[in-house]
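J.: quick one, structure for this:
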Amino acid sequence: MLSATERNAILIEMRGFLESVQGIVAGLAEQNTRAIATSARTSGMASAQGVPQALKDKLPTEFKKLGMATHMAFDGLARESMEIGDRQVILKQLGALMGNCTTCHAGYRIDEEGWRRK
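T.: Numbering: from 1, shown residues only. All right, here's what the predicted structure looks like:
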């Protein structure tokens, strides 16, 4: 069971992922590697710090693995953007990252009663 605060924290994090993706896409359209990197870093591993241990303990293992892989993918995308800036590589990385999002949304649902596998 998740408290309303814990549930909202997860939903806020997912909305942050979506905002980062929007910024990355806008940066790609403008050929602005700095904007891409800034948007990607917003959802990188640094943003995963500060999650209370009590919440971490409640999350399914596979959900946590997917979440950490997603944070790391954002960091990788930011590095690619600043170091080389190859748009095709960035797009491939973004596609893989979005695969994490769709996998999670296809497999999990958080409702008032707690976690549910779909």
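
J.: would you mark the buried spots in the lengthiest helix in the chain?
T.: Ranked by residue count and defined by DSSP state H, the top helix of the chain is helix 4-30. For helix 4-30, the neighbour count (16 or more other C-beta atoms under 10 Å) marks 6-7, 9-10, 13-14, 17, 20-21, 23-24, 27-28 as buried. (Glycine included, C-beta is placed from N, CA and C.)

J.: stretch 88-96 now?
T.: Within stretch 88-96, the residues that qualify as buried are 90, 93-94, counting by 16+ other C-beta under 10 Å.

J.: restricting to C-alpha, output that stretch in CSV.
T.: Listed next in CSV are the C-alpha coordinates belonging to stretch 88-96 (Å, rounded to 0.1, in the frame of the first residue of the first chain):
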residue,chain,number,x,y,z
GLN,A,88,20.7,9.9,-34.9
VAL,A,89,22.3,8.4,-31.8
ILE,A,90,20.3,10.8,-29.6
LEU,A,91,17.0,9.7,-31.4
LYS,A,92,17.9,6.0,-30.9
GLN,A,93,18.7,6.6,-27.3
LEU,A,94,15.4,8.5,-26.9
GLY,A,95,13.5,5.6,-28.5
ALA,A,96,15.0,3.1,-26.2
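
J.: show me what it is in contact with.
T.: Contact partners of stretch 88-96, identified using C-beta atoms under 8 Å, 6 or more residues apart in numbering, comprise 21, 24-25, 28, 36, 73, 76-77, 80-81.

J.: what's the burial count for residue 103?
T.: When neighbours are counted by other C-beta atoms under 10 Å, residue 103 registers 14.

J.: so who does it touch?
T.: Residue 103 touches residue 66, counting by C-beta under 8 Å, 6+ apart.

J.: what is residue 111 paired to in the beta sheet?
T.: residue 114 (DSSP bridges).

J.: how close does it sit to residue 31?
T.: Per C-beta to C-beta, to the nearest Å, residue 111 is found 42 Å from residue 31.

J.: repeat for residue 23
T.: Counting by C-beta to C-beta, the gap from residue 23 to residue 31 is 14 Å.

J.: so where's this protein shaky on pLDDT?
T.: Residues of the chain that meet the criterion pLDDT under 70 lie in 112-118.
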